[in-house]
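Asks: have a look; sequence and predicted model below, questions after that.
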Amino acid sequence: MYTEILETLELDSRNRIRFSLVSLMERYPYSEIVVSAICQKAKVSRQTYYRLFSSKDDVLILHLNELMKEYLLPRILLDNASTNEFLQFFLFFAGYKDLLKILYRNDKMYLLQHVLTRYSKLFIQEPFYRVAIGYNYAVDFVASTLCSLLTVWTQMEFKTGCSTLASFASSFLEAVN
């Protein structure tokens, strides 16, 4: 029971730290945010912060991983992989435009690409799986393509519709296949 309490407290601290960092990034450039400000906002000690994270990038990576889990959860629970996973992907991120702006403004889109690499298997069509040598390239290629589309979409202030982006992603990746 003591271990469960510690795990719950650790999870709570992790979440408070990640949401505090994102909240601070809404107002300040990433490079100007110091650990003590994150700790103060999250109401945790520096010791707790450094026990859980080694850098601000680690905090952002956790946040982006949790975001992707949120994206995947309904698909796993309902066994509901969409026939147009790209459309579902862009519709999901349409709900996180502010976060995309924050990442873009702070030159942190590469962290999103890093996280997307772990999840891009969702978007890879069957023929990619048959080529064992190219599999890792395909996973990285899909992740970088999706991240590039999110980056350009953010630069263009989200003027392109999600279905257009999904269609482009699908066509582009089919052509590569």
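Replies: Perfect, thanks for sending it. Residues are numbered from 1 along each chain as shown.
Asks: and Ile38, what helix or strand is that in?
Replies: In this assignment (DSSP states H and E), Ile38 forms part of helix 35-42.
Asks: got a list of contacts for that helix?
Replies: 13, 16-17, 19-21, 23-24, 45-46, 48-50, 56, 59 (Cβ atoms under 8 Å, 6 or more residues apart in numbering). All C-beta spots, glycine's among them, are computed from the backbone N, C-alpha and C.
Asks: what sits against Tyr71?
Replies: 88-89, 92, 119.
Asks: got the domain boundaries for this structure?
Replies: If you go by automatic domain parsing, the domain ranges for the chain are 1-54, 56-177.
Asks: in terms of pLDDT, where does the spatially most central residue of the chain sit?
Replies: Geometric centre of the chain, nearest residue: Leu64, 3.2 Å, by Cα atoms, centre = their mean. Listed pLDDT for Leu64 reads 96.
Asks: isn't it right next to Leu112, touching?
Replies: Yes: in this structure, Leu64 is within contact of Leu112 by Cβ atoms under 8 Å, at 5.6 Å.
Asks: helix or strand for the residue nearest to Leu52 when sequence neighbours are not counted, which one?
Replies: Ranked by Cβ to Cβ, 6 or more residues apart in numbering and with sequence neighbours excluded, the top spatial neighbour of Leu52 is Arg14, at 5.6 Å. Assigned by DSSP H and E, Arg14 falls within helix 2-27.
Asks: the inter-axis angle of that helix versus helix 35-42?
Replies: Taking axes from the mean of the first three to the mean of the last three Cα atoms, to 10 degrees, one finds helix 2-27 and helix 35-42 inclined to each other by 110 degrees.
Asks: which elements pack onto helix 2-27?
Replies: helix 35-42, helix 46-52, helix 56-78, helix 97-105 (3 or more Cβ pairs under 8 Å, 6 or more residues apart in numbering; DSSP states H and E).
Asks: what about the contacts of helix 35-42, which one has the most neighbours?
Replies: Most neighbours among the contacts of helix 35-42, by other Cβ atoms under 10 Å: Ile17, with 26 neighbours.
Asks: since we're on the residue nearest to that residue when sequence neighbours are not counted, how many residues are nearby?
Replies: Distances taken as Cβ to Cβ, 6+ apart put Ala42 closest to Ile17, at 4.7 Å, once the chain neighbours are dropped. Ala42: 23 surrounding residues under other Cβ under 10 Å.
Asks: with the one 5 residues further on instead?
Replies: Gln47 has 9 neighbours, counted by other Cβ under 10 Å.
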